[in-house]
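> I would like the atomic coordinates for the input below:
(one chain, ligands or ions: 1)
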Amino acid sequence: MSRSNPLTLGTDREAALHHTAQIVLRAWKDFDQAREEEHVPSASLIARLQEPLPATGISAMSGLDLAAEVLDTSLAQSRPRYLAYIGSSGLEIGALADLLAHSYDVNLALDARAASLMDHQTLKWLGEFLGFPSGGGAFTSGGTISNITALVAARERAIPGSRFNGLGSTTPVVYCSADAHYSVRRGIELLGIGSRNLRGVPIDNERRLSPTALRDMITSDMASGLTPIAVVATGGTTLIGAVDPIDAIADICEEFGIWLHIDGAYGLPAAATTERVSVFSGLARADSISIDAHKWMYVPKACSAVMVRDRNSLVSVFSHEEAYIPHDGAVLNAVDYTLEYSRPLRALKLWLAFMVHGADEFRAAISQNLQQAQLLYDLADASSHLEVMPIRPSLSIVPLRAVPSDVPDLNAFNAALCDAIQADGRVYLSQAVIDGEVWLRPCFTNFRTTQDDVHVTFAVIVELIEKLQSTKE
Ligand SMILES: Cc1ncc(COP(=O)(O)O)c(C=O)c1O
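Below you'll find the model as predicted:
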């Protein structure tokens, strides 16, 4: 390559790399403690972000500084008091791994030699960490793609040849709890099953799928000539972190010969802890699982995994012959068992994180988040300002809401409280609607969060409730 080739950094290269390292170090130090307020973009930055496409470039240093300013004034899930939604937290070694992976830009569509071996090893390690006997699978871009991948395999097993013939006169049905993540519905729609054929199984008073109701629904559907394809049990619902009773559901799936998929995108890492392993009892009986390492395994997005007990279930639905991607004898290409074609080496960040921190340190971080959820629950439960759910958090989501006695519309008050918390900036929370009620929904999935952050979060919520009340008087 000539140094005058377009798009090379040329002599700026070393300085640009060094400058990036300084920016990253500054950011990591800044993430160590929560900020007292959010930084917002300046008027000049907003103006820059509306400029038209540049025909010629600026120096790498100036470009990097601009990028750093954008990132510094963005909502970053890496901050220790970012407790909204289900965050990832930019694990440091994972971020470095991404720089390496993207620099080499390996493609896992085909065998990539050592990188493919690493990919397989990481998937095996992850299965071992969670207690799932992985027969194969893939790292994907997210829980949505992982769930869809598993559902395609389930459809093919229930209706062999459906990948070629379509569904014909068969009416397939899929079951999941009424609180399952929307990605399941999206998958059902994409697979041509139709969301009308997705059964929202009633939940019990802990918001877990009811096995009795599941059995009744399956029996009735089969009597009507419908074809059950899969049951999706959630290992940690997005709404409150409920874990469906996997063992009881596995009994039913075995009895009727139905594929069992566990959507553990959020909650499954808790299965690796001694405190919560029993909540996931039966996990090893599932046909497939989804797990987002970019949620509660802390690595940067995107790093999800879908695992199956039997790799042939993926091969039977994805294998193919194409002139531009020939086979070396009977050896499979990765694209013979993955939904995606070009795939980056997502496994590297998890592989390096396991290598550098070891499984025990991961368990310790997950346990810490579990304890933080219990602490916030206890603080809120003891407060006259707040209401918590009657059941303790089984994982790390702690729904809570303000219950001031003199407020006519609690939903409006709690929505205003959430806005006030976000505007205040010391803590970042999101809201969720549970059975028609607006709740705050802190979720602990960040390795940087401390017990002190939990106390500050509680104090900020109470302070802003009092402030909101006083402005309404
Ligand atoms: C239980 C569950 N499944 C699936 C998903 C979708 O994951 P992703 O956003 O990685 O596609 C989520 C996201 O929060 C989730 O909580």
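
> Please compute how far stretch 107-120 lies from its chain's middle.
When C-alpha coordinates are averaged (CA atoms, centre = their mean, to the nearest Å), stretch 107-120 and its chain have centres 23 Å apart.

> tell me which parts of the stretch 1-150 of the chain are close to the ligand?
Proximity of the stretch 1-150 of the chain to the ligand, by CB under 6 Å from any ligand atom, involves residues 86, 142-144. Yep, even glycine has a C-beta here, placed from its N, CA and C like the rest.

> mind redoing it with 8 Å?
Residues of the stretch 1-150 of the chain lying near the ligand by CB under 8 Å from any ligand atom: 85-86, 141-147.

> Quick one: these as CSV, columns for neighbour count, pLDDT and secondary structure too.
CSV is the format used below for these (neighbours: other CB atoms under 10 Å; pLDDT from 0 to 100; DSSP: H, G, I helix; E, B strand; the rest coil):
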residue, neighbour count, pLDDT, secondary structure
85, 17, 95, coil
86, 25, 95, coil
141, 17, 97, coil
142, 18, 98, coil
143, 26, 98, helix
144, 20, 98, helix
145, 21, 98, helix
146, 30, 98, helix
147, 29, 98, helix
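
> now the strands: where do they sit in the chain?
Listed from the start of the chain, the chain has strands (DSSP state E) covering 136-140, 172-177, 198-201, 227-234, 259-263, 288-292, 304-308, 386-388, 400-402, 431-434, 437-440.

> Does residue 134 touch residue 307 like I think?
Yes: if you go by CB atoms under 8 Å, residue 134 and residue 307 touch, sitting 4.1 Å apart.

> returning to what we had before: save the strands of the chain as a markdown table, and put in mean pLDDT and mean neighbour count too.
Written out in a markdown table, the entries for the strands of the chain read as follows (pLDDT from 0 to 100; neighbours: other CB atoms under 10 Å):
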| stretch | mean pLDDT | mean neighbour count |
| --- | --- | --- |
| strand 136-140 | 98 | 26 |
| strand 172-177 | 98 | 26 |
| strand 198-201 | 98 | 21 |
| strand 227-234 | 98 | 27 |
| strand 259-263 | 98 | 29 |
| strand 288-292 | 98 | 31 |
| strand 304-308 | 98 | 28 |
| strand 386-388 | 98 | 19 |
| strand 400-402 | 98 | 25 |
| strand 431-434 | 97 | 17 |
| strand 437-440 | 98 | 21 |
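
> any chance of those strands in CSV, plus distance to residue 271?
Compiled in CSV, those are given as follows (distance: least, CB to CB, whole Å):
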stretch, distance to residue 271
strand 136-140, 16
strand 172-177, 18
strand 198-201, 22
strand 227-234, 13
strand 259-263, 10
strand 288-292, 9
strand 304-308, 13
strand 386-388, 24
strand 400-402, 25
strand 431-434, 24
strand 437-440, 26
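
> Of all those, which one is nearest residue 451?
strand 400-402 (17.3 Å; CB to CB).

> Which strands and helices lie in contact with the closest one?
Where contact means 3 or more CB pairs under 8 Å, 6 or more residues apart in numbering; DSSP states H and E, strand 400-402 is packed against helix 347-381, strand 386-388, helix 410-424, strand 437-440, helix 451-472.

> Using CSV, please lay out those together with distance to the ligand.
Below are these laid out as CSV (distance: least, CB to the nearest ligand atom, whole Å):
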stretch, distance to the ligand
helix 347-381, 14
strand 386-388, 21
helix 410-424, 18
strand 437-440, 16
helix 451-472, 21
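
> got these as CSV, with distance to residue 43 columns?
Written out in CSV, the entries for those read as follows (distance: least, CB to CB, whole Å):
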stretch, distance to residue 43
helix 347-381, 36
strand 386-388, 38
helix 410-424, 19
strand 437-440, 32
helix 451-472, 28
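
> To residue 165, which of these lies closest?
Using CB to CB as the measure, helix 347-381 is the one of the helices and strands packed on strand 400-402 that comes nearest residue 165, at 34.5 Å.

> related to what we said a few turns ago, what is in contact with residue 134 and residue 307 at once?
Applying CB atoms under 8 Å, 6 or more residues apart in numbering, one finds that residue 134 and residue 307 are jointly contacted by 123, 126-127.

> quick one: which of those is nearest the ligand?
Within the shared contacts of residue 134 and residue 307, proximity to the ligand (CB to the nearest ligand atom) peaks at residue 126, which comes in at 15.1 Å.

> what about the closest one, distance to residue 306?
Spatial separation of residue 126 from residue 306 under the definition CB to CB, to the nearest Å is 11 Å.

> One more: residue 102?
Taken as CB to CB, the spacing of residue 102 relative to residue 306 amounts to 22 Å.

> can you check residue 191 too?
Here the criterion is CB to CB. By it, residue 191 lies 15 Å from residue 306.

> Then residue 133?
From residue 133 across to residue 306, the span is 15 Å (CB to CB).

> which residues does residue 75 contact?
38, 82, 428.

> Pass me the low-pLDDT residue ranges in the stretch 1-150 of the chain, would you?
Scanning the stretch 1-150 of the chain for pLDDT under 70 picks out 1-3.
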